[in-house]
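Visitor: Whatever this is, show me its structure:
(chains A and B)
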Amino acid sequence: MLLTRLLKSATFRLTLAYLGVFSLSAMALFAFVYEASITFMEQQTRETVEAEIQGLREQYALGGLAALERVIRQRAEAERNRASIYLLVDRWGGRVAGNIDGWPEGEVDENGLLRFVFERPRPDGTMEHRRALGKRFIVAGRWRLLVGRDVEDRIATQKLLLNAMTLGGGLMVVVGVLGGFALSRWTLARLEGINRATKFIMAGDLSRRIRLEGTEDEFDELARNLNAMLDRIEALVAAMREVTDNIAHDLRTPLTRLRSRIDVALLGRLDEAEARALLEETMREADQLIATFNALLAIARAESGALRSEWEPVDLSAIAAEVFDLYEPLAEERGITLTLDAGEEVTVYGHPQLLAQALANLVDNAVKYTEPGGRVTIRVSGRPRPMLEVADNGPGIPETQRRRALERFVRLQPERSAPGNGLGLSLVDAVARLHEAELEMADNAPGLRVRLAFDPAAQPKAPAPAQKALH
Amino acid sequence: MRVLVIEDDRDAAAFMAKGLRESGHVVDLAHDGRDGLVMAAGNEYDVLVVDRMLPGLDGLSLVKTLRATGNATPVLFLSALGEVDDRVKGLRAGGDDYLAKPYAFTELLARLEALVRRQVAPSTEARETVLRYRDLSMDLLTRRVERSGRVIELQPREFKLLEVLMRHAEQVMTRTMLLEKVWDYRFDPQTNVIDVHISRLRQKIDRDFDTPLIHTVRGAGYTLRAAD
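Guide: Just a heads-up that it's a prediction; the model follows:
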């Protein structure tokens, strides 16, 4: 089981493949070294023989056969262990001088060297057969000369070399395979950990995370990235669940009301006018539901932050001017003075529709809650940082309640008849967070001042030329 | 007008068809994308209502295919998704308008009628420099508005509002449609801002004349027409 998994593992197969390539190249190297050393050693033997022959030839030239015989006798005496071999025989084959007994037979190789076997006495007196290389000559008067060199030691060295290389190669393959096993088991263990964690997560446990080994290697990096991805997914899922829960919770009340209205109507008998009035009332309520639903969707959209592709440089002054234009008649009708305090272009990077909607909601609230005769001011400023501000001199919101005002469906003065669903400021809050802007609520003494202050570092450097406020 | 509704929710489709028929229109229904495509390609409709999510063939692909065959019937996309991004995708695929669920039937009807009207006179609309309705006229170049020969002074926003009403004369324009066309806003304002703008415009257009031209359509929006 483990073995088949190991054999199938990518790491092990990679290790084997690498080992194969490495073994082949190592074998080629070994073969080259072996061949080169054999050739070198043989050449050395040949050169030694040639040098001896050269020396003997000179002696012969100086002193003739007598000198040759003398020299061979001397050398044979010096070479008792027969590393160098000399033999001079007369025309009948009888030994004149030398350190071996009989004239040897053997094969002549491609270099003109005779490969032959001679006998050498061991220290215990028995004889051993040893291989040698040599050259034969006919000297004057049909005397013959043999000069050779014992190669038995050399052959032994070659054998040793071959053995060492075979052993080393084998060891290399064994160590390589074992190393491959170990390496792939380690890799598999790391991957197995990651796989196990992902299986748990797939089974539904989104809170599970992959353990980091602290090695800061690629596996840790992979685990860290996967964990970061999971964090993001978990946050999104949680946000989505919250939105769903909220929608379910918040729409249940009006839907129940709608249902019971119809329920009660079905109990009694209605004349035409009553039925019509009831239907109209029901439709109004349904419209209110749709509006609430849309507001919730807008908030969810802003909170999910999924609209980045629609972001562009937005001139806050242009947005303020448009919202002012939209609300000015309404304010006038209510006897409220709406003023716009915006001049130069203040460009932030953001979602134009959402920013406009947020500002519209702020102005809507201010106009709604300020008494006739009051003042509402929309202000845009670029310094010290880009900001949108709506200030009124209405009742304001006590400091302790300001955070609560941002919560969904919270209406601080539910007894007031002003229309609304309690989602206006929630949307402003969501838009602010989406744009990483600070939402500040302050006492306008009297009244409320709400300010969206943008982070200057996150904005385009120079005011973009001729930007449309809305697309 | 002849309407093809391609919507897989049979109840919603039947309800829509009933409403449209009661408003005097001819309605065909298709419940999946493939049927819808075949019907849309094989018949002459004035307008198509296409749901974004359909079995068989989704709404976007359906309209893309239809457009590729040279069919230019106006399309209104219906979508439960409702994101601005979806709206952009829908319009890019060849849709002419976009309505997010849940919607009010009056809103759907008004938008369909606006689409069909635009289709009837598409070339003149773009080139016209003077819009006329009964005794009311507006010159888009000199920005001069007259009714029965009397000059009416309008603020820029009132001018734009009147222009939209005149281009869609005798059609119902919902508050959302006006907010879209005049202010380019695609959200519901919380209070009746549009009503106040209309009442200001009405003051200037109708106050000194016997026949009112700007009418409120209960539960829907506004319309420019000569009589009830």
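Visitor: how far away is whichever residue of the stretch 1-150 of chain A sits closest to chain B from A:Ile194?
Guide: Of all residues in the stretch 1-150 of chain A, the one sitting closest to chain B is A:Ala10 (39.1 Å; CB to the nearest CB). (Glycine included, C-beta is placed from N, CA and C.) Separation of A:Ala10 from A:Ile194 (CB to CB, to the nearest Å): 14 Å.
Visitor: more crowded one of these two?
Guide: Neighbour tally, A:Ala10 and A:Ile194, criterion other CB atoms under 10 Å in any protein chain shown: the higher count belongs to A:Ile194, 15 against 11.
Visitor: Leaving out the residues flanking it, which one is nearest to the one residue in the stretch 101-250 of chain A that gets nearest to chain B?
Guide: The shortest separation between the stretch 101-250 of chain A and chain B is 12.4 Å, found at A:Ile247 (distances taken as CB to the nearest CB). In space, A:Ile247 comes closest to A:Leu296 once its chain neighbours are excluded; the distance is 5.4 Å by CB to CB, 6 or more residues apart in numbering or on different chains.
Visitor: B:Arg200 versus the one you found, what's the distance?
Guide: To B:Arg200, A:Leu296 is 32 Å away according to CB to CB.
Visitor: Is B:Gly219 in contact with A:Glu281, as I believe?
Guide: No: proximity of B:Gly219 to A:Glu281 does not meet the contact threshold set by CB atoms under 8 Å, at 11.5 Å.
Visitor: A helix includes the residue nearest to A:Ile247, no?
Guide: Yes: with the criterion set as DSSP: H, G, I helix; E, B strand; the rest coil, the secondary structure at A:Leu296 is a helix.
Visitor: Tell me where the stretch 51-200 of chain A has strands.
Guide: A:84-89, A:95-98, A:106-108, A:114-121, A:127-139, A:143-150 (DSSP state E, counting those that start in this stretch).
Visitor: again with chain B
Guide: Taking DSSP state E, the strands of chain B run over residues B:2-6, B:26-30, B:47-51, B:75-79, B:97-100, B:130-133, B:136-139, B:144-147, B:150-152, B:173-174, B:214-217, B:221-224.
Visitor: Could you break chain B into its assigned domains?
Guide: Under the assignment named as automatic domain parsing, the residue ranges that make up the domains of chain B are B:2-120, B:123-224.
Visitor: Distance to A:Ile378, mean neighbour count and mean pLDDT for these - can I get that in JSON lines?
Guide: Formatted as JSON lines, these follow (distance: least, CB to CB, whole Å; neighbours: other CB atoms under 10 Å in any protein chain shown; pLDDT from 0 to 100):
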{"stretch": "domain B:2-120", "distance to A:Ile378": "24", "mean neighbour count": "18", "mean pLDDT": "87"}
{"stretch": "domain B:123-224", "distance to A:Ile378": "14", "mean neighbour count": "17", "mean pLDDT": "87"}
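Visitor: In a markdown table: these, plus distance to A:Leu14.
Guide: As requested, the domains of chain B are arranged in a markdown table below (distance: least, CB to CB, whole Å):
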| stretch | distance to A:Leu14 |
| --- | --- |
| domain B:2-120 | 44 |
| domain B:123-224 | 56 |
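Visitor: Output the below-cut-off pLDDT ranges for chain A.
Guide: Where chain A drops to pLDDT under 70, the residues are A:1-2, A:6, A:243, A:305-307, A:407-422, A:460-471.
Visitor: domains of it?
Guide: Using automatic domain parsing, chain A is parsed into the domains A:2-160, A:218-301, A:309-458.
Visitor: Would you point to the one among those domains that's packed deepest?
Guide: Counting by mean count of other CB atoms under 10 Å in any protein chain shown, domain A:309-458 has the highest mean neighbour count of those, with a mean of 19.
Visitor: Span of that one from start to end?
Guide: Distance between the boundary residues of domain A:309-458 (CA to CA, to the nearest Å) amounts to 16 Å.
Visitor: Name the nearest residue to the spatially most central residue of chain B, ignoring sequence neighbours.
Guide: Residue closest to the mean C-alpha point of chain B, counted by CA atoms, centre = their mean, is B:Arg111 at 2.7 Å. Once flanking residues are discounted, B:Arg111 sits nearest to B:Asp97: 5.3 Å by CB to CB, 6+ apart.
Visitor: ok, the one you found - contacts?
Guide: By CB atoms under 8 Å, 6 or more residues apart in numbering or on different chains, B:Asp97 lies in contact with B:Pro74, B:Val75, B:Leu76, B:Phe77, B:Arg111, B:Ala114, B:Leu115.
Visitor: now with 10 Å?
Guide: By CB atoms under 10 Å, 6 or more residues apart in numbering or on different chains, the contact set of B:Asp97 is B:47, B:49, B:74-78, B:87, B:90-91, B:108, B:111-112, B:114-115, B:118, B:177, B:180.
Visitor: hey, what's it bridged with?
Guide: According to DSSP bridges, the partner residues bridging B:Asp97 are B:Leu76.
Visitor: CA atoms only: put stretch A:340-350 into PDB for me.
Guide: Taking only C-alpha atoms (Å, rounded to 0.1, in the frame of the first residue of the first chain), the coordinates of stretch A:340-350 have been written out as PDB:
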ATOM      1  CA  LEU A 340     -23.600  73.900  -0.800                       C
ATOM      2  CA  ASP A 341     -20.100  74.800   0.300                       C
ATOM      3  CA  ALA A 342     -17.800  73.300  -2.400                       C
ATOM      4  CA  GLY A 343     -15.300  74.900  -4.700                       C
ATOM      5  CA  GLU A 344     -12.300  73.300  -6.100                       C
ATOM      6  CA  GLU A 345     -12.200  69.800  -7.500                       C
ATOM      7  CA  VAL A 346     -11.500  67.200  -4.800                       C
ATOM      8  CA  THR A 347     -10.800  63.900  -6.400                       C
ATOM      9  CA  VAL A 348     -11.000  60.500  -4.600                       C
ATOM     10  CA  TYR A 349     -10.800  57.100  -6.000                       C
ATOM     11  CA  GLY A 350     -14.100  55.300  -5.500                       C
END
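Visitor: So that stretch, near chain B or not?
Guide: No: under the criterion of CB under 10 Å from any CB of the partner chain, chain B is not reached by stretch A:340-350; the shortest gap measures 13.5 Å.
Visitor: How about stretch A:425-442?
Guide: Yes: contact of stretch A:425-442 with chain B is found when judged by CB under 10 Å from any CB, involving A:Leu427.
Visitor: chain center to that stretch: distance?
Guide: Here the centre of mass of C-alpha atoms in stretch A:425-442, compared against the chain's by CA atoms, centre = their mean, to the nearest Å, lies 37 Å away.
Visitor: And for stretch B:153-160?
Guide: Centre-to-centre, stretch B:153-160 and its host chain are 22 Å apart (CA atoms, centre = their mean).
Visitor: Can you list the neighbours in contact with that stretch?
Guide: Identification of contacts with stretch B:153-160 by CB under 10 Å, 6+ apart yields A:322, A:325-326, A:328-329, B:138, B:140, B:143-145, B:152, B:161-163, B:178, B:181-183, B:197-198, B:200-201, B:203-205.
Visitor: one more time with 6 Å, if that's ok
Guide: A:Asp325, B:Val145, B:Val182, B:Leu201 (CB atoms under 6 Å, 6 or more residues apart in numbering or on different chains).
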